[in-house]
Structures are given as structure tokens and as C-alpha cells.
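Enquirer: This is a predicted model, with the sequence first.
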Amino acid sequence: MTSMDERDVSRILCVEDDPDIRAIAELALQDVGGFTAVLCGSGKEAIRVAPDFKPDLILLDVMMPEMDGPKTLQELRKLEAIGSTPVIFMTARIQRSEIEEYLALGAIGVIPKPFDPMTLADDIRRLFNEHVQK
């Protein structure tokens, strides 16, 4: 049991356009990680769903058609209920300069793709806890 001043991550909004990766993420988040997860196939869907779901954290793919991850993050930040929700980007583009760019956009971390479904939940919790302790 956590005290009132500790935060835990239990509700995750995952935004991923690839249906196969989305299915693996769902398994990794819910079955392995024990999170309550809502999965969206686009940035537009995430913007519609996020305010009612009220996630503790948003897991956001960088490369998506129509509205990419950075643009989705920019739009999510405009929503009052989601404005300060921590975001972790998922991407295969993990050059140092790219990671620095994602962090500069306000992400608390980057998880490389392909991710390991057995350790995804641990990676999320580690990044979330590092962020909360700052």
C-alpha cells in the first residue's frame, strides 16, 4: 500500500498505430504488467479518449501517420485534464540527438522499439518513478 504522498502508475494510455505492436503492448501492459490500459490507434483517438480515461501515464509512438507522436503530445498538453500527465515515447529512432529532442518536448523517457513485452512494465515503472522523484 502506498502512502498519500506517493504516486503510482496504474492507468496507461498507449498510442500506437501498428495493430500488431498494439496487441503486444496490450498483453505486456495488462497481462504482464497488471496495468489498466486503453489502447488507441492514432493521435486523434488519443485526444478524444484521454480526458475521460484520465491516465497516470501516456505511452506514445513517435512515428504515426496523420498526427505523429510529438504533434499528439503538443495537442494533449492543451487538454486541462491531461496537461501534466507524464509521457514516454516509444520509437525505433534512438540516436542520442533524437532522444534529447523527445525529452526537450516534455517526455519523461524513451523506450526503444522493438520493446521486450516481458520488461515493458518494469521500464515504464522505472521511468515513472525517476520522474516522480525529481
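Expert: Cool, got the structure.

Enquirer: SS state for residue 94?
Expert: For residue 94, the secondary structure call by DSSP: H, G, I helix; E, B strand; the rest coil comes out as coil.

Enquirer: what about the helices in the protein?
Expert: 19-26, 43-53, 69-76, 96-104, 120-133 (DSSP state H).

Enquirer: Packed most tightly, which of the ones you listed would that be?
Expert: Of all the helices of the chain, helix 69-76 carries the top mean neighbour count, a mean of 20, counting by mean count of other CB atoms under 10 Å. Just so you know, the C-beta spots here come from the backbone N, C-alpha and C atoms, and that holds for glycine as well.

Enquirer: who touches that one?
Expert: For helix 69-76, contacts defined as CB atoms under 8 Å, 6 or more residues apart in numbering pick out 15, 43, 46-47, 50, 58, 60-64, 67, 82-83, 85, 87, 89, 91, 102, 105-107.

Enquirer: Once you drop chain neighbours, what's closest to residue 67?
Expert: Among residues not flanking residue 67 along the chain, residue 43 sits closest, at 3.5 Å (CB to CB, 6 or more residues apart in numbering).

Enquirer: Pretty sure the one you found sits against residue 64.
Expert: Yes - between residue 43 and residue 64 there is a contact under CB atoms under 8 Å: 6.1 Å.

Enquirer: so what sits against both of these two?
Expert: Shared contacts of residue 43 and residue 64, counting by CB under 8 Å, 6+ apart, come down to 15, 72.

Enquirer: Please read off the pLDDT at the spatially most central residue of the chain from the model.
Expert: Note on the chain: the residue nearest the mean C-alpha position is residue 59, at 1.2 Å, using CA atoms, centre = their mean. pLDDT, residue 59: 98.
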